[in-house]
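Visitor: Quick check, what structure comes out for this input:
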Amino acid sequence: MHLISIKPTVMAEIITPNATGKKRNTKCSKHSTRVDLTPMVDLGFLLITFFIFTTTLSDPKAIFMPLPKDDAGNTTDIAEGKTLQLFLEGPDQVKYYHGNDSSHIAATNYSASGLREVVREKVAMVKAAYKDPSETVVIIHPGNNAIYGNLVDVLDEMQINGVKRYMLVD
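Guide: Here you go, the predicted model:
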């Protein structure tokens, strides 16, 4: 039968030289120290794990969009000359018309010379006719082929051009 002896690990150990027959100076005895850093590594990993689990990651940010209450009886009449209807058709195409005149539908893109100019022209027309550009109303119709980035582009154009009244329609 074999006996196995297990030696416990030592965290810190001071090594002293063996006494030979020579007399040493007892005033300057230097001892060599060896420090076991295994518990320090364990503590470091515990702290890292603690801080990873207790840290909150950045919250996703969303666009705040105030929407009216869904009341069927609450309607507002708006003059046709104040409205612009935008149809988001695809990644590079926006169709639009003024008021309810769908027979004069036109197409443009999302660039500054495209959609931005259309919105600026409508704001200028409302300002000339009604003396208040803040009465411009833009109705946005996202189509089935529209992507989220295009909707964000249109909402950015509303902010850039100072359009206060706009709505999304299914």
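Visitor: going forward, measure contacts between C-alpha atoms and count neighbours the same way
Guide: Noted.
Visitor: All the helices of the chain, residue numbers only.
Guide: For the chain, the helices defined by DSSP state H cover 38-54, 115-130, 148-160.
Visitor: what's the lengthiest strand in the chain packed up against?
Guide: For the chain, the longest strand by residue count, based on DSSP state E, is strand 83-90. With contacts taken as 3 or more Cα pairs under 8 Å, 6 or more residues apart in numbering; DSSP states H and E, strand 83-90 sits against strand 93-98, strand 137-142.
Visitor: Please work out the angle formed by the directions of the last one and strand 93-98.
Guide: Comparing the axes of strand 137-142 and strand 93-98 via axes from the mean of the first three to the mean of the last three Cα atoms, to 10 degrees yields an angle of 150 degrees.
Visitor: Tell me the gap between stretch 154-167 and the middle of its chain.
Guide: Centroid separation between stretch 154-167 and its chain, computed with Cα atoms, centre = their mean, to the nearest Å, is 21 Å.
Visitor: what's the answer for stretch 151-158, then?
Guide: Taking Cα atoms, centre = their mean, one finds stretch 151-158 lying 17 Å from the centre of the chain it belongs to.
Visitor: contact partners of it?
Guide: Here stretch 151-158 makes contact (Cα atoms under 8 Å, 6 or more residues apart in numbering) with 88, 110, 115-116, 119, 142, 164, 166.
Visitor: rerun at 7 Å
Guide: Outside stretch 151-158, the residues that touch it by Cα atoms under 7 Å, 6 or more residues apart in numbering are residue 116.
Visitor: 2 is where my numbering starts, stick with that
Guide: Sure, I'll start numbering at 2, so the last one becomes stretch 152-159.
Visitor: just the CA coordinates of it, formatted as CSV?
Guide: Provided in CSV are the C-alpha atoms of stretch 152-159 (Å, rounded to 0.1, in the frame of the first residue of the first chain):
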residue,chain,number,x,y,z
LEU,A,152,-38.0,57.4,-42.0
VAL,A,153,-35.3,58.8,-39.8
ASP,A,154,-34.1,60.9,-42.7
VAL,A,155,-37.6,62.4,-43.2
LEU,A,156,-38.0,63.1,-39.5
ASP,A,157,-34.6,64.8,-39.6
GLU,A,158,-35.8,67.0,-42.5
MET,A,159,-38.8,68.0,-40.4
